[in-house]
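# Pasted the sequence and its predicted model underneath.
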There are 2 protein chains.
Amino acid sequence: MGIVERKERDKQEMRDKIVEAATRMFLEDGYEKTSIRNIAEKIEYSPATIYLYFKDKDELFYAIHGIGFEMLLKEMETVAGIKNPIKRLREIGVIYINFALKNPEYYDLMFIIRAPMNSLKEKMGDDQCWKYGETTFTLLFQTVTECIEQKLIRTKDPLVASMYTWASVHGLVSLQIRDRYQVMELPEDEIKKLLIRSLDELIDLMKT
Amino acid sequence: MGIVERKERDKQEMRDKIVEAATRMFLEDGYEKTSIRNIAEKIEYSPATIYLYFKDKDELFYAIHGIGFEMLLKEMETVAGIKNPIKRLREIGVIYINFALKNPEYYDLMFIIRAPMNSLKEKMGDDQCWKYGETTFTLLFQTVTECIEQKLIRTKDPLVASMYTWASVHGLVSLQIRDRYQVMELPEDEIKKLLIRSLDELIDLMKT
DNA sequence: CAAATATACTAAACACTGTTCAGTAAAAAA
DNA sequence: TTTTTTACTGAACAGTGTTTAGTATATTTG
């Protein structure tokens, strides 16, 4: 009987409807200003309905953070063709920085805001890990490993090198997203140029 | 007449009382859970009273963020004696990382949470800049400049080098504070060791 | 087909949040 | 002593996330 399947489809459609509305509002007004009540109003349902599809606000935003990772990973795919791993590494960095600058709200949710990680912690136990983070990190880790194998970078430990590479680009963009470069008293476009210049310097330093 | 002076003292005492209570609660329960109402209750005043001393919650937390910077700067002072600027640079990094790990709530407020920067933006115009950030950044900038003068590091531009140095350590600790190293599936003490190892690698890469 | 059950949904409440404002009591100045 | 200023608050406004009891509707069962 197709009824149970149709119901499942309906359920999924409703879930998508919620996520879609939430995402649109989140991208326009940010995390804090996107309330369950507002989302409910937008899709013309009661706030309580959202809780039939998501355990809490954190879980809803875990779903949205997943969309962000799918976007980032899609952009990352374009580097697969680059044979030279250190050039690929640099390109991963450029894509990462540009993603953050073009989608600051998504970036915030993926790497700064606590909400999605809170949701993840509860899911843990049933073998679940942070699949999105894992996929992205693996991409970096493998590229770094190739660099080491081909003796293109000075660091020997791929974990340490992956860590400081990720941390460096994350630091560069997150200080911008959370407004800390005010200290440098430079116009925004000037800052953005410095981000890529910093990345290039770092990659240069890493080279053997 | 000393009345006006006594009143000013009283006013300052009350301000301190609020900041102190807020700080204690903030360090225990974090930013989100520290509410104006809770603070008011702790000091046995009405919530409205707090608004006679601070424009809003952001301004109150700007004051607390200042305390954090004073703590950090005090710890930074200890490096002044290190003659070799690159050793000093490394020590600045170590202090920065350890400060973040030992005072994650303060660090969060100083470099991640939006609140204090929101308050700062409103203060701008009356020549005010982010004095705390500026003092800290200047310390780093001058050390980097010395490194360049003595040809101890490879990067020529002190602004770029300061930027990626700061960003790197910030990235390292902020990914920890905001729980993103879950992806590496390592115990916390293992992660903390990797932070310092990453810093050491980075400093090594920078050396001529 | 009628009765029983399961599903999808919501109104209303709970317990909070930051913030404002009219009103009050006490202190200081006139 | 009267007036004015200061310090403070009760209560309200407009929100927040979340839970629960209750209600229609759809589906399944006898």
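Perfect, thanks for sending it.
# rest of the way, CA atoms for contacts and neighbours
Fine.
# What separation is there between the residue most central in space within chain A and residue A:35?
Among the residues of chain A, the one closest to the centroid is residue A:110, at 3.7 Å (C-alpha atoms, centre = their mean). From residue A:110 across to residue A:35, the span is 18 Å (C-alpha to C-alpha, to the nearest Å).
# Kindly report the same for residue A:195.
33 Å.
# any idea which helix or strand comes after the lowest-mean-pLDDT helix or strand in chain A?
None of the helices or strands of chain A scores lower by mean pLDDT, DSSP states H and E than helix A:3-33, at a mean of 91. Next in sequence after helix A:3-33, counting helices and strands by DSSP states H and E, comes helix A:36-42.
# who touches that next one?
A:18, A:21, A:22, A:25, A:46, A:47, A:49, A:50, A:57 (C-alpha atoms under 8 Å, 6 or more residues apart in numbering or on different chains).
# Flag every buried residue along that helix.
A:36, A:38, A:39, A:40 (16 or more other C-alpha atoms under 10 Å in any protein chain shown).
# same deal with stretch A:124-133?
A:129, A:130, A:132, A:133.
# anything in it near chain B?
Yes - residues of stretch A:124-133 are located near chain B by C-alpha under 8 Å from any C-alpha of the partner chain, namely A:129, A:130, A:133.
# Give me the residues contacting that stretch.
Against stretch A:124-133 from outside (C-alpha under 8 Å, 6+ apart): A:66, A:69, A:70, A:120, B:180, B:182, B:183.
# Can you pull out the low-pLDDT segments for chain A?
Within chain A, the stretches with pLDDT under 70 are A:1-4, A:125-127.
# number of nearby residues for residue A:12?
13 (other C-alpha atoms under 10 Å in any protein chain shown).
# how close does it get to residue A:52?
Using C-alpha to C-alpha, residue A:12 is found at 12 Å from residue A:52.
# Same question for residue A:123.
To residue A:52, residue A:123 is 17 Å away according to C-alpha to C-alpha.
# Mind checking which of those two has more residues around it?
Set residue A:123 next to residue A:52 and count neighbours by other C-alpha under 10 Å: residue A:123 wins out with 14 against 11.
# before we move on, back to that, just the buried residues of helix A:36-42 now: which is nearest DNA strand D?
Nearest to DNA strand D among these is residue A:36, at 3.8 Å by C-alpha to the nearest atom of the strand.
# Near the residue of chain A found nearest DNA strand D, how many residues? Count them for me, please.
Using C-alpha to the nearest atom of the strand, the single residue of chain A nearest to DNA strand D is residue A:35, 3.0 Å away. By the criterion of other C-alpha under 10 Å, residue A:35 has 15 neighbours.
# Next, it: phi, psi?
The phi and psi values for residue A:35, taken as degrees, to the nearest 10, are phi -100, psi 150.
# who's in contact with it?
For residue A:35, no residue meets the contact criterion (C-alpha under 8 Å, 6+ apart).
# if you set the cut-off to 10 Å instead, what comes out?
Contact partners of residue A:35, counting by C-alpha atoms under 10 Å, 6 or more residues apart in numbering or on different chains, are A:22, A:25, A:26, A:41, A:47, A:57.
# Spell out which residues of chain A are next to DNA strand C.
A:7, A:8, A:11, A:14, A:44, A:45, A:46, A:47, A:48, A:49, A:52 (C-alpha under 7 Å from any atom of the strand).
# Do a quick rundown of the helices in chain A.
With DSSP state H as the criterion, chain A has helices at A:3-33, A:36-42, A:47-50, A:57-77, A:85-102, A:104-107, A:115-123, A:131-149, A:158-177, A:188-206.
# Of those helices, give the one that comes closest to residue B:103.
Comparing these against residue B:103 with C-alpha to C-alpha, the closest turns out to be helix A:158-177 (18.4 Å).
# Summarise which helices and strands that closest one is packed against.
When contacts are defined as 3 or more C-alpha pairs under 10 Å, 6 or more residues apart in numbering or on different chains; DSSP states H and E, helix A:158-177 packs onto helix A:85-102, helix A:104-107, helix A:131-149, helix A:188-206, helix B:158-177, helix B:188-206.
# let's see it at 7 Å
Counting contacts by 3 or more C-alpha pairs under 7 Å, 6 or more residues apart in numbering or on different chains; DSSP states H and E, helix A:158-177 is packed against helix A:85-102, helix A:131-149, helix B:158-177, helix B:188-206.
# so which of these is the most packed in?
helix B:158-177 (a mean of 23; mean count of other C-alpha atoms under 10 Å in any protein chain shown).
# tell me the angle that one makes with helix B:104-111.
Orientation check (axes from the mean of the first three to the mean of the last three C-alpha atoms, to 10 degrees): helix B:158-177 against helix B:104-111 gives 140 degrees.
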